[in-house]
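Participant: Please work out how this folds:
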Amino acid sequence: MHRIISCGLVALLYCPIVTLAAQAGERMNVLFIAVDDLRPELGCYGSPAQSPHIDQLAAEGTLFERAYVQCALCMPSRASVLTGRRPDTTGVVDFSIPFREVIPDVLTLPQLFKNNGYEALAFGKIFHNNDSRSWSEPRWKSDRPEYHTEFGKQVLKWIKEDHRRLTYVWDLGDGITKTKRPGGLAWEAPEVPDSALRDGHIADAAIEKLATLAEKPFFLAVGFHKPHLPFIAPKKYFDLYDPDDIEPAPNPDPPEAAPNFATYNWNDLRHYYGIPDVGPVSADQARDLKHAYFACVSYMDAQVGRVLYSLAENGLAQNTVVVLWGDHGWQLGEHGMWDKHSNYETSTHAPLIVRVPGQKPGRSRALVEFVDIYPALAELCDLPLDPSLEGSSFAPLIRDPDRSWKKAAFSQYRRVIPGYGDVSRGMGYSMRTDRYRITEWVVPGTDFSAVELYDHETDSEENRNIANRTENADLVSSLLEKLHAGWKAQIP
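Facilitator: Model prediction:
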């Protein structure tokens, strides 16, 4: 029996998924949904954010409660997911080097499908920088403008005309500066239809393409931009929330005893209009920003719902694996930050949901990594696995969510280390185990080392670095040994 789901945004007809690519020889399609800057701020993860369509997807598939990105920055995170390699292998740890410059002949995830007879298609943001070799036809990109209110347009006009202040320059220490042009509003709520904004336009184009894909297996990648800054969504999605009900982050201060460089000055947000150049945002700004982030989540969720409905309406849902992932987390005031750019749980933990036709729905608390997505989709679609992939297929967890699994997940982030000059030198390597997060900051070629340790059993918000406590010396030594042994050593 079909079910009608109504959320006040879009009423969707969901068809039951009852067969596992049932017909002999029939290949499964893939609907690959990427979302920019989406932390697990979804109803299915226990958040007050309203995300009924993604929640329904989770109810029909497998929700991974503890999935971790390899780097909390879009370009390296996406390079890792789409190549099945970790940042030290791709060479992508920031925005400076495309992965093809380091591993020019790597077979990307969509390229694997394309080479095996699939139509590999991209709509919106998938790679940070497009990779034309990966797709059967050029990536489709929306041309919708970002701002739609008169005030938002006026702010852009002021910035363009103000020759006195063309850039912001921040001192990052050790003589290193970062320059960025000032931006427009950090958020706005225009009274426009969904398709006036980029994500609605992307959903329109993906839906139009889905109507043509019945004859050939496909890998359809749909990349939504929100909730990335600026936080802009149609006003009706803001109206879903009462601002007075939105709680500020419970931990607005840096972690106790953490090195200063472990946190970040959230420069991404600071270049927007009205945001202070230094110091914290006001309480009103914090509430407005969090409200706007929630609105963008709900707007994006509605577009996901439209695409899922089209998949079912075109008779494709019963033979399509759906995967939805956020490319990294995002701080909404936790530790005083408004960005990603860290090794903390709020940056590295992101949503991952997979629905496979015929599966039994479930939730898994296993530690999985986003580098695992590539081998998992290859296994689920019976495509050859490259032995040089650096992840582990989580397909067994879809069959048995409670089975034993890898012992740790690994992330990393590049950072300026005071006293060591070049921004490219410092790196924080982080390992999340069932109970602990340990991060070691190093400068290659030197003996510099700084360690953070957080006990998630007693400090789930990572507010107290306990690495330097005398009673934890043996624990730190043991965890560092596992961190240095690397990801291969943590696979059962």
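
Participant: When you work out contacts or count neighbours from here on, use the C-alpha atoms and nothing else.
Facilitator: Will do.

Participant: Regarding the residue nearest to residue 336 when sequence neighbours are not counted, what is its secondary structure?
Facilitator: For residue 336, ignoring the flanking residues on the chain, the nearest one in space by Cα to Cα, 6 or more residues apart in numbering is residue 252 at 4.4 Å. Here residue 252 is coil, with the state taken from DSSP: H, G, I helix; E, B strand; the rest coil.

Participant: How about residue 353?
Facilitator: strand.

Participant: wouldn't it be in contact with residue 61 here?
Facilitator: Yes - with contact defined as Cα atoms under 8 Å, residue 353 reaches residue 61; the gap is 7.0 Å.

Participant: now the helix or strand containing residue 475, how far from the centre of its chain.
Facilitator: Using DSSP states H and E, residue 475 maps to helix 473-485. Distance, stretch centre to chain centre, for helix 473-485: 28 Å (Cα atoms, centre = their mean, to the nearest Å).

Participant: Residue 237 and residue 293, how far apart?
Facilitator: According to Cα to Cα, to the nearest Å, residue 237 and residue 293 sit 10 Å apart.

Participant: of the two, who's got more company?
Facilitator: Neighbour comparison, residue 237 and residue 293: the larger count goes to residue 293, with 27 against 24 (by other Cα atoms under 10 Å).

Participant: how would you label the more buried one: helix, strand or coil?
Facilitator: Strictly by three-state DSSP, residue 293 counts as helix.

Participant: which other residues reach the helix holding residue 475?
Facilitator: Where contact means Cα atoms under 8 Å, 6 or more residues apart in numbering, the residues beyond helix 473-485 that reach it are 430, 431, 438, 440, 453, 467, 489, 490.

Participant: quick check, the fourth one in a strand?
Facilitator: Meaning residue 440. Yes - counting by three-state DSSP, residue 440 is found in a strand.

Participant: so what's it up against?
Facilitator: 428, 429, 430, 449, 450, 451, 452, 480.

Participant: so of the residues you listed, which ones are in helices?
Facilitator: The helices in this structure, assigned by DSSP state H, contain residue 480 from these.

Participant: Quick one: residues contacting the residue nearest the centre of the chain.
Facilitator: By Cα atoms, centre = their mean, the chain has its centre lying nearest to residue 327, at 1.9 Å. Residue 327 makes contacts with 34, 35, 36, 37, 38, 69, 72, 73, 74, 77, 78, 350, as judged by Cα under 8 Å, 6+ apart.

Participant: Which among these count as buried?
Facilitator: Neighbour-count burial (16 or more other Cα atoms under 10 Å) applied to these gives 34, 35, 36, 37, 38, 69, 72, 73, 74, 77, 78, 350.

Participant: that older thread, please pick the buried ones from the contacts of residue 440.
Facilitator: Buried among these (16+ other Cα under 10 Å): 428, 429, 430, 451, 452, 480.

Participant: and the fourth one, what are its bridge partners?
Facilitator: With DSSP bridges applied, residue 451 shows beta-bridge pairing to residue 440.

Participant: what do you get for the first one?
Facilitator: In this structure, residue 428 bridges to residue 413, residue 441 when assessed by DSSP bridges.

Participant: Against residue 103, how distant is residue 88?
Facilitator: From residue 88 across to residue 103, the span is 11 Å (Cα to Cα).

Participant: let me fix that: residue 430
Facilitator: 24 Å.

Participant: do the same with residue 120
Facilitator: Residue 120 is 21 Å from residue 103, by Cα to Cα.

Participant: what about these two, which has more around it?
Facilitator: Neighbour count, other Cα under 10 Å: between residue 120 and residue 103, residue 120 has more, with 24 against 13.

Participant: Who are the packing partners of the strand or helix carrying the more buried one?
Facilitator: In this assignment (DSSP H and E), residue 120 forms part of strand 119-124. Judged by 3 or more Cα pairs under 8 Å, 6 or more residues apart in numbering; DSSP states H and E, strand 119-124 is in contact with helix 109-115, helix 198-210, strand 218-224.

Participant: partners of the last one, with directions?
Facilitator: The reference is to strand 218-224. Partner strands for strand 218-224, per DSSP bridges, with pairing direction: strand 29-35 (parallel), strand 119-124 (parallel).

Participant: Any chance of TSV for those strands, columns distance to residue 269?
Facilitator: Listed next are the strands paired with strand 218-224 as TSV, based on distance: least, Cα to Cα, whole Å:
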stretch	distance to residue 269
strand 29-35	19
strand 119-124	23
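
Participant: Of all those strands, which one is nearest residue 406?
Facilitator: Proximity to residue 406 (Cα to Cα) singles out strand 29-35 among the strands paired with strand 218-224, at 24.2 Å.

Participant: mind showing which ranges of the stretch 51-200 of the chain have poor pLDDT?
Facilitator: 163-182 (pLDDT under 70).

Participant: For it, which segments are assigned as helices?
Facilitator: 52-60, 74-83, 87-90, 109-115, 150-161, 198-210 (DSSP state H, counting those that start in this stretch).

Participant: list the buried ones in the helix holding residue 475?
Facilitator: Neighbour counts over helix 473-485 (16+ other Cα under 10 Å) mark 476, 479, 480, 482, 483 as buried.

Participant: Run a quick neighbour tally on residue 437.
Facilitator: Residues near residue 437, counting by other Cα under 10 Å, number 24.

Participant: Just want the angle from the helix or strand it falls within to helix 473-485.
Facilitator: For residue 437, the element it lies in under DSSP H and E is strand 436-442. If you take axes from the mean of the first three to the mean of the last three Cα atoms, to 10 degrees, strand 436-442 sits at 70 degrees to helix 473-485.

Participant: What average pLDDT does strand 436-442 get?
Facilitator: Per-region confidence: strand 436-442 scores 98 on mean pLDDT.

Participant: go on, stretch 201-210?
Facilitator: 98.

Participant: got the contact list for that stretch?
Facilitator: Stretch 201-210 is contacted by residues 123-124, 141-142, 144, 194-195, 222-224, 303-304, 306-307, 310-311, 314 when judged by Cα under 8 Å, 6+ apart.

Participant: In strands only, show me those.
Facilitator: 123, 124, 222, 223, 224 (DSSP state E).

Participant: As CSV, these with neighbour count and distance to residue 210 would be great.
Facilitator: Putting the ones in strands among the contacts of stretch 201-210 into CSV (neighbours: other Cα atoms under 10 Å; distance: Cα to Cα, whole Å) gives the following:
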residue, neighbour count, distance to residue 210
123, 23, 11
124, 24, 15
222, 25, 11
223, 26, 15
224, 28, 16
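
Participant: Show me the two of those that sit farthest apart.
Facilitator: Top of the distance list for the ones in strands among the contacts of stretch 201-210 (Cα to Cα): 123 and 224, 8.6 Å.

Participant: hey, where'd the strands end up in the stretch 301-450 of the chain?
Facilitator: Here the stretch 301-450 of the chain has its strands, by DSSP state E, counting those that start in this stretch, at 320-326, 352-355, 362-369, 409-414, 427-432, 436-442, 449-455.
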